[in-house]
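Engineer: coords please:
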Amino acid sequence: MSRQNRQLEREIARLHLTDSPTGGRGLAPCWEDADGRIVPTFNIVIGNKAFRAVPVWREPFTKRALAIAPLVEIADRPLNVRDFRRLAYRVMQHGRNHPDGACVYYANIIDRTTTKQACKSQRRLVEGYFYPFSLR
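Structural biologist: Residues are numbered from 1 along each chain as shown. As a prediction, this is how the structure comes out:
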């Protein structure tokens, strides 16, 4: 498929999201499977003061993920708030500057906080950089 066709498909997906009854998110997902379903990039485990972005990518996305420096840098290591912000920002910027058009990476959020307030604030921080696929 040509690059122009991929860009048009992303634009159509973005328009569908924007025009959806729920209001949509505005940007197309960076990763979709062959059936057009969103593929999350990470399980992001949130703690009271720490994060861990555990990769959940599988074929055919593994090769692509390993070629994207921001995804590799944030993957599978304990991060404090400052480091998470710095690395997650790089992932978000990669999506915004994607060669096939602006997109956003999705992530599952796994709550390991001890209070509702900590969960709420950490979840909001993650949602500033990734779209939530699910919250567990």
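Engineer: next one: stretch 39-48 to chain centre, how far?
Structural biologist: Distance of stretch 39-48 from the chain centroid (C-alpha atoms, centre = their mean, to the nearest Å) equals 9 Å.
Engineer: Pull out the buried residues from it.
Structural biologist: For stretch 39-48, the neighbour count (16 or more other C-beta atoms under 10 Å) marks 39, 40, 41, 42, 43, 44, 45, 46, 47 as buried. C-betas here are computed from N, CA, C, even on glycine.
Engineer: same thing with stretch 106-118?
Structural biologist: For stretch 106-118, burial by neighbour count (16+ other C-beta under 10 Å) applies to 106, 107, 108, 109, 110, 111, 113, 118.
Engineer: same check, this time on stretch 55-72
Structural biologist: Within stretch 55-72, the residues scored as buried using 16+ other C-beta under 10 Å are 55, 56, 57, 61, 65, 68, 70, 71.
Engineer: so can I have TSV of the residues you listed showing distance to residue 101, secondary structure and pLDDT?
Structural biologist: TSV is the format used below for those (distance: C-beta to C-beta, whole Å; DSSP: H, G, I helix; E, B strand; the rest coil; pLDDT from 0 to 100):
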residue	distance to residue 101	secondary structure	pLDDT
55	23	strand	96
56	23	coil	94
57	20	coil	88
61	18	helix	90
65	19	helix	92
68	16	coil	93
70	18	helix	94
71	18	helix	95
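Engineer: Name the nearest of the buried residues of stretch 39-48 relative to residue 6.
Structural biologist: Nearest to residue 6 among these is residue 39, at 15.5 Å by C-beta to C-beta.
Engineer: Looking at the buried residues of stretch 106-118, which are in helices?
Structural biologist: By the criterion of DSSP state H, membership of those in helices covers residue 118.
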